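Enquirer: dropping a prediction and its sequence here:
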Amino acid sequence: MASGFPELWDTRGFSRGLDAAFNGLVATWGETLEALFMPVLRLLGLMEKGLQALPWWLVALALAALAWHAARNWRTVAVVLALTLALGLIGVWDAAMATIALMLMATALSILAGIPIGVLMSRVDRLRVAALPVLDIMQTMPIFVYLIPFVMLFGPGKIPALLATIVFAIPPVIRLTDLGIRQVDPEIVEASRAFGASPGQQLWTVQVPLALPAIMAGVNQTTMMALSMVVIASMIGAGGLGYQVLQGIQRLEVSRGLLAGLGIVFLAIIFDRIAQSYGRRMQKSLKLES
Amino acid sequence: MAGGVKIRVENVSKIFGADPAAALARVWDGMGKTELLEATGHVLGLHEINLDIREGETFVIMGLSGSGKSTLIRHFNRLIEPTAGRILVDGENVLGLGPAALRAFRRHKASMVFQRFALLPHKTVLENVIYGLIIDGAPRQEARDRGMRQIELVGLAGFEGRYPGQLSGGMQQRVGLARALATDAEILLMDEAFSALDPLIRHDMQMQLRDIQSRLHKTIVFITHDLDEALLLGNHIAILKDGRLRQVGTGAGILMAPADDYVARFVRDVNRARTVTCGALAEPGPVFPSPQAASGASGWVIISDGSGGHGLMRAGGGVRNGEAQLEDAVTIEASANVEEAFGALARRDRPLVVMADGRPSGLLAWQSVLRALQRDGGRHPAPERDA
């Protein structure tokens, strides 16, 4: 081709090498990794079955109670309750429960890993410099790309779906934990130092509590991103609402896709309301008190 | 009031920048703050500071912004590390403390009050006050009891359950003060503690600090940019400019004899009448037990029989017909400021008898008062007193 970019090096060779290396990795570590994630898989299965086995009204009540705890406001509770009931009304209850299980699991693991990473980043400048571009890449890389290596390692199923979801959803909680801790008033940190607080005491008595509104905002975003990932993750066997959408595409059934899509929207609203209310209340109490 | 040396600062220098040691060498060669910044990008924080702070005194470090005063106070508890020099507290070099020992030092020996309060917004007043005790692992109940006592001491009883954001600035700084007092530290470091408060509240806080200090006898290092505050609170005052110490002395000493032009300009506009005490201006008095004993003296003399009765007499001129002509003495306390003596000085052409600890200690003449009130104060040698 006339407009062809000159071939300066052999990309095919590079690609082949990369693929071979990864295949080798899968061959040697695949089984070990699979065994390692077995407990997570069991827990996830248990959560899904548990949520589906619970009476619908109990789940609805639990979500309503969570909303009350977060917002202390009847309107939010009414919205959450209505949307939860709507999930049943449009006939996607079981799929929605499977999606909730996957989303909660992914969010919980993201928080568990993300907050310590964020704390570390806030303390070690070099780590922050190295981590920020990685986080950017994680968020902008098309999600499908993550699916390939995870599927190769674990085979299609819930674990690769979960891991790909975590990779996609974890950056906000890391970023906002780091940012939140860095934005804590240095004078207050200095005061805690002046009174003889050890680095750990500074972290737990001052930095983390004062960064909580930011951390909660990160958790909220992470939850939303995990939810947005479920459709794509369903392509590799995550099940749930995303699988219904996928089936809608495959069978060309508009109704199936639409109802499952609506279910995802309802879930998004439910969890966004709850998480945002928590964040807002925390922010308000800190403002009042600062 | 003042005991032995509590804190000794020896040759402390601080340079901010990438290579402080090299920059310090250039300062030693005579480079000033501005040239150093231009030539090397290093900021001279402090240069060759030497101070002795006595136990139980309030030592004020004064300077304008950028003078290095906040940097200096942070050296006492090592929130900032010096580039060179030593800091001895009770004879022990603070710079030699390891991390654990330094934490113990901050928990028990020196506590701090901050300009912008630096309270923990997510904790109540009581939790803020006992923060240092909890950090130190004190049992909660004991910490609460001690905290409540401090809260009462600073006059915030009833507010212990509130959050800092619900309090006014003055009340917040009282919380800051109570927090610093709660650890029972012997040294109180106060970094522009009252500067963020409005004038009336600031005055209340100054009075409260004086009141607390008269009971607790802490060693207080107080930073301020406000000369009136320095003169009101400080037993000794150090004046800092561009990281160098310009003068150290008592308030009256600095007012009456500024060490250089900078200090002189600094103290120019002080209302001396309100800040200089009669005791500082009094001529140490010729006190004689009887008129006969004063026969060899000149000028005004005090005749005191040692049992509370005293009078004033012009030496040589006071004996008529063999009888001593004693005039009634108008007295004034040595701690009173000069302004309080104006009325008495204007009424009679006689010096006042200055009383210290219930005994006459000296004479205050209107001439010395006027001389002290002169704008350039005692910078010129005082003319010979007329007899």
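Expert: Arrived safely.
Enquirer: what does the helix or strand encompassing residue A:66 rub up against?
Expert: For residue A:66, the host element (DSSP states H and E) is helix A:56-71. Contacts to helix A:56-71, defined as Cβ atoms under 8 Å, 6 or more residues apart in numbering or on different chains, come from residues A:51, A:76-77, A:79-81, A:84-85, A:88, A:93, A:97, A:270, A:273-275, A:277-278, A:281. Every C-beta, even on glycine, is put in place using the N, C-alpha and C of the backbone.
Enquirer: inside helices: which ones of the residues you listed?
Expert: A:51, A:76-77, A:79-81, A:84-85, A:88, A:93, A:97, A:270, A:273-275, A:277-278, A:281 (DSSP state H).
Enquirer: list buried residues within those residues.
Expert: Buried members of those, counted by 16 or more other Cβ atoms under 10 Å in any protein chain shown: A:51, A:76-77, A:79-81, A:84-85, A:93, A:97, A:270, A:273-275, A:277-278, A:281.
Enquirer: out of those, who's near chain B?
Expert: Counting by Cβ under 8 Å from any Cβ of the partner chain, nothing from those sits close to chain B.
Enquirer: quick one: residue B:83 from residue B:26, how far?
Expert: According to Cβ to Cβ, to the nearest Å, residue B:83 and residue B:26 sit 12 Å apart.
Enquirer: who's more crowded, the two?
Expert: residue B:83 (21 against 16; other Cβ atoms under 10 Å in any protein chain shown).
Enquirer: what's near enough to touch the more buried one?
Expert: Here residue B:83 is in contact with B:13-15, B:20-21, B:24 (Cβ under 8 Å, 6+ apart).
Enquirer: nearest residue to it other than its sequence neighbours?
Expert: Distance criterion Cβ to Cβ, 6 or more residues apart in numbering or on different chains; nearest residue to residue B:83, sequence neighbours excluded, is residue B:20 at 4.4 Å.
Enquirer: that neighbour touches residue B:43, doesn't it?
Expert: No. Checked against Cβ atoms under 8 Å, the pair residue B:20 and residue B:43 is beyond contact range at 9.6 Å.
Enquirer: so of the contacts of residue B:83, which two are at opposite extremes in space?
Expert: Spanning the widest gap among these are B:14 and B:21, at 11.8 Å by Cβ to Cβ.
Enquirer: neighbour count for those two, which is higher?
Expert: Each of residue B:14 and residue B:21 has its neighbours counted (other Cβ under 10 Å); residue B:14 has more, 24 against 9.
Enquirer: and the end-to-end length of stretch A:50-61?
Expert: By Cα to Cα, to the nearest Å, the extent of stretch A:50-61 from end to end equals 15 Å.
Enquirer: for it, list every residue counted as buried.
Expert: Buried residues in stretch A:50-61, counted by 16+ other Cβ under 10 Å: A:51-52, A:59-60.
Enquirer: any idea how far residue B:108 lies from chain A?
Expert: 8 Å (Cβ to the nearest Cβ, to the nearest Å).
Enquirer: try residue B:216
Expert: For residue B:216, the distance to chain A - Cβ to the nearest Cβ - is 18 Å.
Enquirer: so which bits of stretch A:137-149 are buried?
Expert: A:138-139, A:143, A:146-147.
Enquirer: where does chain A have low pLDDT?
Expert: Scanning chain A for pLDDT under 70 picks out A:1-2, A:286-290.
Enquirer: in it, which spans are helices?
Expert: A:11-36, A:38-53, A:56-71, A:74-89, A:93-123, A:125-140, A:143-154, A:158-182, A:186-194, A:199-202, A:208-233, A:241-251, A:254-289.
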